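Novice: Structure for the following, please:
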Amino acid sequence: MDTPKQYLPPLFILIIFLTTTSSHAGHESNILVTNDPPSTKSVFPTGKITVEITNDLGNQLTLLYHCRSKDDDLGNRTLQPGESWSFSFKRQFFGRTLFYCDFRWPRFPNKLYWFDIYKDHRDSSGDNWCEKCVWKIRQTGPCRFNDETKHFDICYSWNSFLS
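Specialist: A predicted model of the protein is given here:
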């Protein structure tokens with residue numbers, strides 16, 4: 001069935017609108033989270049994604065971090081041991097949403113670590129997709145909450161800087 005030509009311009013404008021405005025993030029101030037999340041998935045995904053970051057460095061280390069995407073800069077922030085912070089956004093229409101963060105802690109102030117904290121093809125499909133992506137930031141790398149095991153056991157190494 002062909003779409004009548006009269007509907008093509010409004011349809012095109014709607015698609016452009018959805019792809020340019022839907023990935024902008026909102027963020028919340030530091031939020032202390034004391035319990036592990038009961039679930040990071042809903043039965044009916046809403047399209048809104050929340051990323052939560054918790055300082056789990058240990059040794060009473062403060063976490064300094066800066067998160068951003070192509071369109072949003074969430075600024076420089078600080079988390080004390082055990083504190084959490086989160087931000088929310090809507091995925092881009094064509095599945096290209098990417099937020100990345102760099103991390104450092106005072107014991108090694110000149111050492112910078114970074115990680116793709118939300119990567120559309122990793123976090124929006126497959127067995128380990130998440131609608132609320134809850135991360136613990138550890139010295140060895142970030143670990144995400146696993147709905148199956150109810151532990152933070154989806155762990156990754158830090159991204160490397162290529163010259």
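
Novice: In contact with Arg107, which residues?
Specialist: 59, 61 (CB atoms under 8 Å, 6 or more residues apart in numbering). Where C-beta positions appear, they are placed from N, C-alpha and C, glycine not excepted.

Novice: Now do the same for it: helix, strand or coil?
Specialist: At Arg107 the chain is in coil, as set by DSSP: H, G, I helix; E, B strand; the rest coil.

Novice: Next one: Arg96 from Ser124, what distance?
Specialist: Counting by CB to CB, to the nearest Å, the separation of Arg96 from Ser124 is 11 Å.

Novice: Settle it for me: which of these two has more neighbours?
Specialist: Ser124 (18 against 14; other CB atoms under 10 Å).

Novice: Quick check: buried residues in stretch 146-163?
Specialist: 146-147, 152, 154 (16 or more other CB atoms under 10 Å).

Novice: And the residues you listed, which two are furthest apart?
Specialist: The largest separation in the buried residues of stretch 146-163, counting by CB to CB, is between Asp147 and Phe152 at 11.4 Å.

Novice: quick one on the thing from earlier: now distance to Asp73 too, for the buried residues of stretch 146-163, in CSV please.
Specialist: Shown next, in CSV, are these (distance: CB to CB, whole Å):
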residue, distance to Asp73
Asn146, 30
Asp147, 30
Phe152, 27
Ile154, 26
